[in-house]
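Trainee: Attaching a predicted model along with its sequence, questions to come.
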Amino acid sequence: MSKNREGSVLKLTTLAMLAALAVSIGIFKFSIFPSAPFLEFDFADIPILIATLAFGVTPGLGVLFVVSLVQAFFLGGNGIIGLIMHFVASGAVVVIFGNVCKNKKTGKRLTVSAICGTLAMTALMIPLNYIFIPLLFKVPTAMVTDFLPAIIPFNLIKAGVNTALACIVWLPLRKLIDISEK
């Protein structure tokens with residue numbers, strides 16, 4: 001097998017393992033706001049962000065799509081609505097992480113990408129909740145407004161914790177993954 005092909009197989013295998021890890025981790029969900037038990041926290045975005053840091057935005061989005069698909073249709077993740085919400089919200093973080101850290105994955109860049117990704121996800125989830133929560137739960141849009149005091153901090157916490165942990169895991173892990181910084 002040629003070196004190029006070996007690299008492609010290794011890359012695809014690593015991405016598949018990160019997707020499997022994200023799905024496995026995503027099974028363990030918990031509510032952090034009793035007033036909004038439908039907002040469930042999980043750590044599935046960490047392996048997705050590791051895939052993004054290791055291989056770039058497009059592979060990171062690929063892993064995210066696979067994970068979103070499995071969660072949405074096989075793990076009680078609210079079908080197409082759950083898929084769209086997860087893909088768009090976490091996709092914003094993936095795109096920001098991948099682009100801010102594209103050429104330099106230093107602590108400072110990781111911190112900036114974590115903050116920007118967290119703010120982007122939080123901002124995106126406000127209109128997404130107004131669009132999709134009434135469709136999913138058959139409730140009036142006004143009810144979403146009542147839940148904003150939980151939705152906004154939930155997304156800040158979820159994205160903030162997941163991006164911070166991805167950064168912490170990435171720094172020592174990047175030496176183990178045989179990918180040179182370009």
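Mentor: Perfect, I can see it now.
Trainee: Isn't E40 up against F28?
Mentor: No - shown here, E40 and F28 do not form a contact pair, counting by CB atoms under 8 Å, at 9.8 Å. For glycine as for every other residue, the C-beta is placed from the backbone atoms N, C-alpha and C.
Trainee: ok, these two, which is more surrounded?
Mentor: E40 (17 against 11; other CB atoms under 10 Å).
Trainee: can you give me the helices for the chain?
Mentor: Under the criterion DSSP state H, the chain contains helices at 3-26, 45-55, 57-74, 79-100, 107-137, 141-176.
Trainee: and the first one, what does it pack onto?
Mentor: For helix 3-26, the packing partners by 3 or more CB pairs under 8 Å, 6 or more residues apart in numbering; DSSP states H and E come out as helix 45-55, helix 57-74.
Trainee: just the third one next, same as before
Mentor: With contacts defined as 3+ CB pairs under 8 Å, 6+ apart, the packing partners of helix 57-74 are helix 3-26, helix 45-55, helix 79-100.
Trainee: and the shortest one, how far from the chain's centre?
Mentor: Read it as helix 45-55. Relative to its chain's centre, helix 45-55 lies at 9 Å (CA atoms, centre = their mean, to the nearest Å).
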